[in-house]
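> let me see the structure of the following:
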Amino acid sequence: MTKLMQISNEYLEQKIYKMRGQKVMLDSDLAELYGVETKVLNQAVKRNSERFPASFMFQLTADEEEFLRSQIVTSKTENQISKEKRGGRRYAAKVFTEHGVLMLANVLRSGQAIAVSIQIIEAFVRLRKVSLSYADIAAKIDEIESRLTGHDDQFKIFHEIILPLLEAPTPGRRKIGFKPGKKDNED
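Residues are numbered from 1 along each chain as shown. Predicted structure coming up:
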């Protein structure tokens, strides 16, 4: 039995991208994690195409691949690499959603694919929790800002009307009562 690798959470989370409003992973990254060649992974998907509807997997457009390359910060495009090495991708990359990753493990049927897919699904879940907590925080900030916006007018009135009244000097008054050392008719 082969030794199953434990992959760090950070590494997995770096391999998850957002495309078409969904969190996805590249076929080449999944193939590396599952311990198979990208070609083998895509052949398994092709043989089991009925298991991979558009909500589980889709092929990237040229623009999406270019955007992804800028996110990954690669120095050369696939076409440049393939011309130099006489290999590389002939087709656009496929990406898999969380459900597609799980289905891949079922299709590949290896112990490593199953173990790694569990770790990947857990990474998807962690990212979802983080994004939900960010949404909660953003909603609370919006609520606080809306409350403070209403208070701005009240603070303006307070500064314009009430504060000047508090700072106004009180008129001098004559003190009432006996003052030692003064005569009564000296005031």
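> so where's the longest helix in the protein?
Scanning the chain for the longest helix, with DSSP state H as the assignment, gives helix 111-157.
> let me see the mean pLDDT of it.
Mean pLDDT, helix 111-157: 77.
> the closest residue to T38 other than its chain neighbours and Q112, how far apart?
Counting by Cβ to Cβ, 6 or more residues apart in numbering, A31 is the residue found nearest to T38 once chain neighbours are left out, at 4.2 Å. Heads up, the C-betas are built off the backbone N, CA and C, glycines and all. Using Cβ to Cβ, to the nearest Å, A31 is found at 11 Å from Q112.
> more neighbours: these two, which one.
Neighbours per residue, other Cβ atoms under 10 Å: of A31 and Q112, the larger number sits with A31, 20 against 17.
> give the contact list for the more buried one.
A31 makes contact with 37-38, 40-41, according to Cβ atoms under 8 Å, 6 or more residues apart in numbering.
> whichever of the residues you listed end up buried, select them in PyMOL.
Of the contacts of A31, the buried ones go into a single PyMOL selection, burial set by 16 or more other Cβ atoms under 10 Å:
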select buried, resi 38+41
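> dump the contacts of A31 to a markdown table, plus secondary structure.
Shown next, in a markdown table, are the contacts of A31 (DSSP: H, G, I helix; E, B strand; the rest coil):
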| residue | secondary structure |
| --- | --- |
| E37 | coil |
| T38 | helix |
| V40 | helix |
| L41 | helix |
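> among the contacts of A31, which one sits closest to D136?
Nearest to D136 out of these is L41 (Cβ to Cβ; 36.7 Å).
> not including adjacent chain positions, what is the nearest residue to that closest one?
Among residues not flanking L41 along the chain, A31 sits closest, at 4.3 Å (Cβ to Cβ, 6+ apart).
> doesn't the one you found lie inside a helix?
Yes - under three-state DSSP, A31 sits within a helix.
> in contact with the residue nearest the centre of the chain, which residues?
Centroid check for the chain by Cα atoms, centre = their mean gives S131 as the closest residue, at 5.5 Å. Not one residue lies near S131 by Cβ under 8 Å, 6+ apart.
> is it correct that E13 is in contact with A123?
Yes - in terms of Cβ atoms under 8 Å, E13 counts as a neighbour of A123; the distance is 5.3 Å.
> between these two, which one's more packed in?
Ranked by neighbour count (other Cβ under 10 Å), E13 and A123 place A123 first, with 24 against 15.
> name the SS class of F58, please.
Per three-state DSSP, F58 ends up strand.
> so who does it touch?
20, 94-95 are the contacts of F58 under Cβ under 8 Å, 6+ apart.
> format those residues as CSV; extra columns: neighbour count, pLDDT and distance to K175.
Formatted as CSV, these follow (neighbours: other Cβ atoms under 10 Å; pLDDT from 0 to 100; distance: Cβ to Cβ, whole Å):
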residue, neighbour count, pLDDT, distance to K175
R20, 12, 90, 83
K94, 22, 92, 94
V95, 23, 92, 88
